[in-house]
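> One predicted model, sequence on top.
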Amino acid sequence: MGIFSRLSDIINSNINAILDKAEDPEKIIRMVIQEMEDTLVEVRSSAAKTIADQKDIERRIGKVKKAQAEWEKKAELAISKGRDDLAKGALVEKAKVADMETHLTEELKHLQDALSRIEEDVIKLDAKLREARAKKASIQARHKSVSNQVRVRKNLYDGRIQDAFDRFDKVDARLDRLEGEAEAMTMGRGENLEDQFRELEADDDIEQELAALKAKTAGGSAKKAPASTPAVKKAASK
């Protein structure tokens with residue numbers, strides 16, 4: 001059974017209200033679109049038939065007008081020949097054809113009115129169909145977004161992920177313990193008084209060795225200086 005019972009139901013429908021009452025909006029919107037598409041096909045098929053009927057009546061009206069002209073010519077011919085009886089007969093046939101033209105013209109007017117209403121219905125139905133398709137796209141997008149959120153949240157609250165983080169915490173705790181052990185091994189091993197005096201003695205030894213090395217270097221330089229010549233000494237004594 002369809003959602004809509006007739007075309008006016010579709011045109012006057014409130015798609016949001018229909019979906020609000022539905023347990024499965026995505027399924028319902030698909031049904032709505034399918035029914036609208038089927039109805040649109042039917043309405044356009046009806047429009048095509050109406051257009052064909054309109055063309056047929058227009059063609060018949062053209063033939064009737066031509067027949068009227070022909071009967072009028074026959075009446076004129078009969079009058080010219082002095083045959084008033086034939087002229088009256090021709091005018092009677094012309095009147096019958098004129099009545100037929102009037103009837104066909106009225107029928108054509110009805111078809112034109114019907115076709116105008118069908119065109120309005122097609123425009124409204126097409127607008128409703130576009131609205132339904134846009135709603136379907138919106139529902140699908142929301143469904144996809146919600147599905148992604150559910151998947152992400154399932155991953156966030158997955159026990160395996162929590163187990164991994166727990167293992168990371170254990171590794172951190174082990175590293176903290178090892179670092180604490182390393183720091184504990186150096187505790188209380190600062191320099192004592194004896195070590196400080198030993199360093200001072202070592203500094204004195206180094207200073208004495210440095211002074212001795214400087215003296216040795218200075219003595220070697222003095223031995224290498226050239227001796228003065230006698231002439232130079234004699235001049236110096238004067």
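Everything's here; your move.

> in this protein, which residue is closest to the centre?
Ala141 (8.4 Å; CA atoms, centre = their mean).

> elements contacting the host helix or strand of it?
Taking DSSP states H and E as the criterion, the element that holds Ala141 is helix 84-156. On a contact count with 3 or more CB pairs under 8 Å, 6 or more residues apart in numbering; DSSP states H and E, helix 84-156 meets helix 7-11, helix 15-21, helix 25-80. Heads up, the C-betas are built off the backbone N, CA and C, glycines and all.

> angle of the last one against helix 84-156?
With axes from the mean of the first three to the mean of the last three CA atoms, to 10 degrees as the criterion, the two stretches helix 25-80 and helix 84-156 enclose an angle of 170 degrees.

> Distance check, the residue nearest to the centre of the chain against Glu37.
Applying CB to CB, to the nearest Å, the value for Ala141 to Glu37 is 21 Å.

> And for Ile28?
Applying CB to CB, one obtains 15 Å for the distance of Ile28 from Glu37.

> circling back to that earlier point, which of the helices and strands packed on helix 84-156 has the lowest average pLDDT?
Lowest mean pLDDT within those: helix 7-11, a mean of 70.

> Can you list the low-confidence ranges for the protein?
Within the chain, the set of residues satisfying pLDDT under 70 comprises 1-7, 11, 22, 143, 146-166, 168, 171, 181-197, 220-238.

> can you do 90?
Low-confidence segments of the chain (pLDDT under 90): 1-44, 46, 118, 121-122, 124-238.

> on that earlier part again, of Ile28 and Glu37, give the one with the bigger neighbour count.
In terms of neighbours (other CB atoms under 10 Å), Ile28 is the more surrounded of Ile28 and Glu37; the figures are 17 against 14.

> Any chance of a markdown table for the helices and strands packed on helix 84-156, columns distance to Val122?
Putting the helices and strands packed on helix 84-156 into a markdown table (distance: least, CB to CB, whole Å) gives the following:
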| stretch | distance to Val122 |
| --- | --- |
| helix 7-11 | 10 |
| helix 15-21 | 18 |
| helix 25-80 | 6 |
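
> looking at those, which is closest to Glu201?
Taking CB to CB as the criterion, Glu201 comes closest to helix 25-80 out of those, the separation being 92.7 Å.

> Summarise which helices and strands the closest one is packed against.
Contacting helix 25-80 under the criterion 3+ CB pairs under 8 Å, 6+ apart are the following elements: helix 7-11, helix 15-21, helix 84-156.

> Kindly reformat these as CSV containing distance to Thr50.
As requested, the helices and strands packed on helix 25-80 are arranged in CSV below (distance: least, CB to CB, whole Å):
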stretch, distance to Thr50
helix 7-11, 15
helix 15-21, 28
helix 84-156, 5
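
> among these, which is the most enclosed?
Taking mean count of other CB atoms under 10 Å as the contact definition, the stretch among the helices and strands packed on helix 25-80 with the greatest mean neighbour count is helix 7-11, which reaches a mean of 16.

> For Asp20, see how far away Ile10 is.
From Ile10 across to Asp20, the span is 18 Å (CB to CB).
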